[in-house]
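Engineer: got a predicted structure here, sequence first:
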Amino acid sequence: MRRLIFLAPLAATLSVAPALAAETDGPIIVTGQPLGETAAALAACLARACPPDQDVAATLTHAENQFLAGRYKDARSTLLKSIDRNKAHARAFPVPVSDLYRANGRVAEHVGEARSFQSSVLAMRDTLREGLDRDDPRVLGAQIEVGDSRAKLGFPDEAARIYADVEAQALGRGLNRIAIYARLRQAVLAQVATEDSNLSADRKRARAMLNDIIADPLPDTDDLRLVAQVSLARMDRKAGRSDSTSALLRQFAAEGGAARPILIAASPIKSPGIDTMRNPATQSMADSVTSAGFLAIAAGDTSRRLVALNSIGKWADIGFWVTPSGKVSDIEVLRSSGGTQWLAPVVTHLEGRVYAPLKPGSDGVNPGFYMVERYSLTARWTDDATGTNMRRREFTPRIERLDITPEDYARQPPEGPGTPKGA
């Protein structure tokens with residue numbers, strides 16, 4: 001079964017079931033339909049003056065296809081044209097039109113258009129707010145997405161205020177899951193502040209918020225309580241203690257394992273270093289990479305800045321197995337555009353992931369789950385460059401990620417490799 005890539009609310013990762021081609025050259029089929037077919041379907045819909053909801057559905061299918069084929073600008077153009085056609089129908093079709101804005105925002109992230117990302121998230125929220133009943137939980141969910149966007153753009157105080165307001169409203173309406181999700185987002189912000197400041201007061205505050213969620217869960221929020229436990233374990237590992245992570249793994253093992261991959265531990269993806277992009281022959285994909293090279297950029301090293309910025313626009317689909325023991329194995333680049341040297345910190349990150357042990361099948365066997373993730377190398381556009389009125393890219397490239405794992409986890413990976421190593 002196929003899941004639409006752009007529709008997941010509450011800042012969930014994007015998901016779709018691509019039939020990945022082995023190479024970028026030749027016919028590319030990423031959704032089970034060639035690009036020509038999804039383009040023709042959208043054109044046929046428009047030719048017969050199809051209703052807005054059908055227009056949006058055809059638009060999203062084709063834009064997803066374009067996006068996964070690496071044609072980011074084409075995907076954005078498809079979405080923006082559909083927004084122009086359908087924004088006048090927002091009150092009659094609030095959910096489909098909001099999906100268009102959400103999709104446009106997520107593509108904008110991958111091409112560095114921070115302003116478009118911000119405005120699209122706000123338009124998505126406003127469309128739902130104006131078209132749905134004021135008590136509809138989807139409106140509060142959209143407001144959480146606004147908070148997430150503010151945090152990602154570097155405004156954590158605004159994000160915290162939004163999350164706290166959503167939590168209070170959700171509690172007043174008995175929307176337990178939204179309330180706890182908003183509380184979790186506040187705890188995540190507190191964790192980030194702790195890592196930045198390394199102050200004991202910040203650390204105590206973050207731990208207290210997580211412990212409150214764990215100790216006093218609301219009905220129907222057990223999975224969110226688990227998220228709090230995982231977050232607390234991450235704080236413990238930062239402090240050099242692994243006991244809480246081990247306890248979580250034992251808990252899953254005692255309960256027979258997890259039915260689907262649940263990430264327990266992972267380190268952040270480090271910024272790709274200049275030398276990773278400039279000297280591919282001297283550095284393997286799994287080499288540890290730091291962001292120290294970008295200090296020279298900030299100091300005005302123009303040649304190194306150009307090397308970095310010339311690397312913008314690359315992308316890759318990476319496949320890997322999550323073994324029954326919860327380890328990651330057989331990491332491989334399935335498709336890519338523009339070279340793969342910049343993926344060193346991504347591979348290092350994936351190698352360090354720890355998932356919950358997996359539940360055996362009815363026959364007592366579980367070969368593991370095959371995962372596919374899209375990574376894009378980009379840099380945000382800025383209007384704040386000194387001495388010029390022209391937009392230009394920020395100095396530091398960034399890596400954007402989205403999950404494109406098939407919904408049918410029984411599916412074999414491209415080219416049909418067998419059972420993962422180390423299972």
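Structural biologist: Cool, got the structure.

Engineer: my guess is residue 72 meets residue 112, correct?
Structural biologist: No: if you go by C-beta atoms under 8 Å, residue 72 and residue 112 don't touch, sitting 10.0 Å apart. Quick note: C-beta positions are derived from backbone N, CA and C, even for glycine.

Engineer: those two: which has the busier surroundings?
Structural biologist: Remark: of residue 72 and residue 112, residue 112 carries more neighbours, 22 against 18, as counted by other C-beta atoms under 10 Å.

Engineer: and the more buried one, which of the three is it?
Structural biologist: The local conformation at residue 112, judged by DSSP: H, G, I helix; E, B strand; the rest coil, is coil.

Engineer: tell me how many other residues crowd the nearest residue to residue 214 once chain neighbours are set aside.
Structural biologist: Nearest residue to residue 214 in three dimensions, chain neighbours excluded: residue 228, at 5.0 Å (C-beta to C-beta, 6 or more residues apart in numbering). Using other C-beta under 10 Å, residue 228 is surrounded by 23 other residues.

Engineer: and residue 228, what pLDDT?
Structural biologist: With respect to pLDDT, residue 228 has a value of 90.

Engineer: equivalent analysis for residue 260, please.
Structural biologist: You'll see residue 260 listed with a pLDDT of 82.

Engineer: residue 117 now?
Structural biologist: We note a pLDDT of 94 for residue 117 in this prediction.

Engineer: let me see the contact set for it.
Structural biologist: By C-beta atoms under 8 Å, 6 or more residues apart in numbering, the contact set of residue 117 is 105-106, 108-109, 149, 153.

Engineer: now, which of those sits nearest residue 137?
Structural biologist: Closest approach between the contacts of residue 117 and residue 137, by C-beta to C-beta: residue 149, at 19.1 Å.

Engineer: ramachandran angles for that closest one?
Structural biologist: Main-chain dihedrals, residue 149, degrees, to the nearest 10: phi -70, psi -40.

Engineer: ok, the most far-flung residue of the chain relative to its centre - contacts?
Structural biologist: Each residue of the chain has a distance to the centre, and by C-alpha atoms, centre = their mean the biggest one is for residue 48: 35.6 Å. Going by C-beta under 8 Å, 6+ apart, residue 48 touches no other residue.

Engineer: return the distance of it relative to residue 34.
Structural biologist: For residue 48, the distance to residue 34 (C-beta to C-beta, to the nearest Å) stands at 21 Å.

Engineer: try residue 397
Structural biologist: Distance check for residue 397 against residue 34: by C-beta to C-beta, it reads 32 Å.

Engineer: pLDDT on stretch 362-381, on average?
Structural biologist: Stretch 362-381 comes out at a mean pLDDT of 84.

Engineer: thought residue 76 was touching residue 107?
Structural biologist: Yes: the criterion here is C-beta under 8 Å, and residue 76 meets it with residue 107 at 5.1 Å.

Engineer: kindly list the longest helix within the protein.
Structural biologist: helix 176-197 (DSSP state H).
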